[in-house]
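Participant: I would like the atomic coordinates for the input below:
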Amino acid sequence: MSEKIVNGASSVSMEAEDDKKPNSISSIIPGWFSEISPMWPGEAHSLKVEKILFQEKSKYQDVIVFQSSTYGKVLVLDGVIQLTERDECAYQEMISHLPLCSIQNPKKVLVIGGGDGGVLREVARHSSVELIDICEIDEMVVTVSKQFFPEVAVGYEDPRVKLHIGDGVAFLKAAAEGTYDAVIVDSSDPIGPAQELFEKPFFESVAKALRPGGVVCTQAESIWLHMHIIEDIVANCRQIFKGSVNYAWTTVPTYPRHGPEVDFKHPVNPIDKVEDHEKTERPLKFYNSELHSAAFCLPSFAKRVIEAKSNCAVVGYMLRQYSNYVEGNPSFSSAAVLGSAYDVAIPSPEAIIVANIAASKGYVHQSDIPYFFVKELGFIHFRN
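Facilitator: Predicted structure coming up:
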């Protein structure tokens, strides 16, 4: 990384070194910060720079804070904008209150990542919460956030917060079964080490750490650019978690990625109706109950893809259950003939029984039984 002075202002260029695979290639050229990433090919996101306030390399990443002309102070990690003073509320409030307002009286909450402290600030609004564990790998992010973003990092002042500096994946694996009511994954994009936070083994660890009826919310990228990532996350989670799995979205002007994924669509513990915000002494800027429900209203193109993944997960569950059913009843015939991708199979009565079992357990609605799509195996047509 090189630095030069242009017209009295610092200009920083973060170019990829030969032995690195950076999340993005970003630069501060005279008066402007520009972010270019393989996560949004063909685009560059730029902000006008008034002054560079901090620039250093931690054990894990490049850390920059600069004063922008329109969004206040900006935190950048490895060339990627993490937050700005002006719009951070749209992300922090939604990723926190979507899950916590979806369950009654959450008591123990785990935050993976989120070193800036914004999620802590929002979780602390919930008076039922007794413990907030946060595991952040980079201590410099915590230190810098407290120095330059005190209104964001104010959550660290709450006595219920316990900070753990280390690997979030390892921390989660070591957690006792059923420890947490909610897990919030405030991760960076799925490039490099953060990729692990988007894969099936990680969500299996989350499921183990959650109590029955608990909820998880994770940063899940944009429906405009990353439907393939969202598809995989939704499919994996619907195989792992017993409850519902849904995608919600929010609008953050300085993020090309928008969606936290969360478990429940309707707030049952609405924080905006609670009069006392003594934990933070700040009113909510973005989240409310109406926005909570509206966040799950998706454009038709995204809804079709996500619902198709839902059907895949349901039929996978049903086939696994049927396999167990047949093992206990050797005289039963095959459930269905799985042909090519466009073949339609009429299942045996036993398969219909399994379909109804799945409906009774809430894995699929009774009215949806007649027709399912299975991407990996072809089409199965359940008739009743």
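
Participant: any idea how far residue 158 is from residue 175?
Facilitator: 21 Å (CB to CB, to the nearest Å). (Glycine included, C-beta is placed from N, CA and C.)

Participant: could you list the domains of this structure?
Facilitator: Segmentation of the chain into domains, based on automatic domain parsing, reads 2-84, 88-298, 309-380.

Participant: of these, which shows the lowest average pLDDT?
Facilitator: Here the lowest mean pLDDT among the domains of the chain goes to domain 309-380, at a mean of 43.

Participant: for this structure, what's the longest strand?
Facilitator: Longest strand in the chain, counting residues (DSSP state E): strand 45-57.

Participant: for the next helix or strand after that strand, which outside residues touch it?
Facilitator: Using DSSP states H and E, the helix or strand that follows strand 45-57 towards the C-terminus is strand 62-68. Applying CB atoms under 8 Å, 6 or more residues apart in numbering, the external contacts of strand 62-68 come out as 1, 12, 14, 28, 33, 47-57, 73-79, 84, 138, 140-141, 144, 148.

Participant: go on, stretch 171-186?
Facilitator: By CB under 8 Å, 6+ apart, stretch 171-186 touches 95-96, 99-100, 103, 106-114, 119, 123, 133, 135, 164, 168, 197, 202, 205-206, 208-212, 214-219.

Participant: packing partners for the strand or helix carrying residue 214?
Facilitator: Assigned by DSSP H and E, residue 214 falls within strand 210-219. Here strand 210-219 touches helix 88-100, strand 180-186, helix 200-209, strand 260-262, going by 3 or more CB pairs under 8 Å, 6 or more residues apart in numbering; DSSP states H and E.

Participant: you'd agree residue 171 is in a helix?
Facilitator: Yes: per DSSP: H, G, I helix; E, B strand; the rest coil, residue 171 lies within a helix segment.

Participant: distance of it relative to residue 90?
Facilitator: 27 Å.

Participant: again with residue 139
Facilitator: 27 Å.

Participant: what's the answer for residue 172, then?
Facilitator: 26 Å.

Participant: so those two - more neighbours on which side?
Facilitator: With neighbours defined as other CB atoms under 10 Å, residue 172 and residue 90 compare such that residue 172 has more, 24 against 20.

Participant: what about the more buried one, distance to residue 201?
Facilitator: Per CB to CB, residue 172 is found 10 Å from residue 201.

Participant: what of residue 95?
Facilitator: For residue 95, the distance to residue 201 (CB to CB) stands at 22 Å.

Participant: neighbour count winner among the two?
Facilitator: Per other CB under 10 Å, whichever of residue 95 and residue 201 has more neighbours is residue 95, with 29 against 12.

Participant: burial measure for the nearest residue to residue 71 once chain neighbours are set aside, as a count.
Facilitator: Closest residue to residue 71 apart from its sequence neighbours, by CB to CB, 6 or more residues apart in numbering: residue 84 at 3.7 Å. Residues near residue 84, counting by other CB under 10 Å, number 22.

Participant: now residue 66
Facilitator: 23.

Participant: doesn't residue 129 lie inside a strand?
Facilitator: No: counting by three-state DSSP, residue 129 falls outside a strand, being coil.

Participant: so what's residue 166 up against?
Facilitator: Counting by CB under 8 Å, 6+ apart, residue 166 touches 135, 137.

Participant: in stretch 45-64, what's buried?
Facilitator: For stretch 45-64, the neighbour count (16 or more other CB atoms under 10 Å) marks 45, 47, 49, 52, 53, 55, 58, 61, 62, 63, 64 as buried.

Participant: could you check how far the fourth one is from residue 148?
Facilitator: The one in question is residue 52. Distance of residue 52 to residue 148, given as CB to CB: 12 Å.

Participant: surely residue 120 meets residue 135?
Facilitator: No: applying CB atoms under 8 Å, one finds residue 120 not in contact with residue 135, separated by 11.9 Å.

Participant: how close does the closest residue to residue 48 other than its chain neighbours sit to residue 50?
Facilitator: Excluding its sequence neighbours, the residue lying closest to residue 48 (CB to CB, 6+ apart) is residue 69, at 4.3 Å. Residue 69 sits 5 Å away from residue 50, taking CB to CB as the criterion.

Participant: just residue 97 next, same as before
Facilitator: 32 Å.

Participant: ramachandran coordinates for residue 44?
Facilitator: phi -140, psi 130 (degrees, to the nearest 10).

Participant: who touches it in this structure?
Facilitator: Residue 44 neighbours (CB under 8 Å, 6+ apart): 34, 35, 36.

Participant: okay, and the beta partners of the last one?
Facilitator: When bridges are taken as DSSP bridges, the partners of residue 36 come out as residue 25.

Participant: coming back round to it: which one's more surrounded, residue 120 and residue 135?
Facilitator: More crowded of residue 120 and residue 135, by other CB under 10 Å: residue 120, with 29 against 22.

Participant: how many residues are close by the closest residue to the more buried one other than its chain neighbours?
Facilitator: Closest residue in space to residue 120, ignoring its immediate chain neighbours: residue 155 at 2.7 Å, by CB to CB, 6+ apart. Residue 155 has 27 neighbouring residues, counting by other CB under 10 Å.

Participant: over to residue 213?
Facilitator: Count around residue 213 with other CB under 10 Å applied: 11.

Participant: circling back to that earlier point, contact partners for the residue nearest to residue 48?
Facilitator: 47, 48, 49, 50.

Participant: repeat that for residue 116.
Facilitator: 75, 82, 83, 88, 141, 142, 145, 149, 152, 153.

Participant: doesn't residue 151 make contact with the fourth one?
Facilitator: So the one you mean is residue 88. No: Residue 88 sits out of contact with residue 151 when judged by CB under 8 Å, with a separation of 9.2 Å.

Participant: who's more crowded, those two?
Facilitator: More crowded of residue 88 and residue 151, by other CB under 10 Å: residue 88, with 26 against 12.
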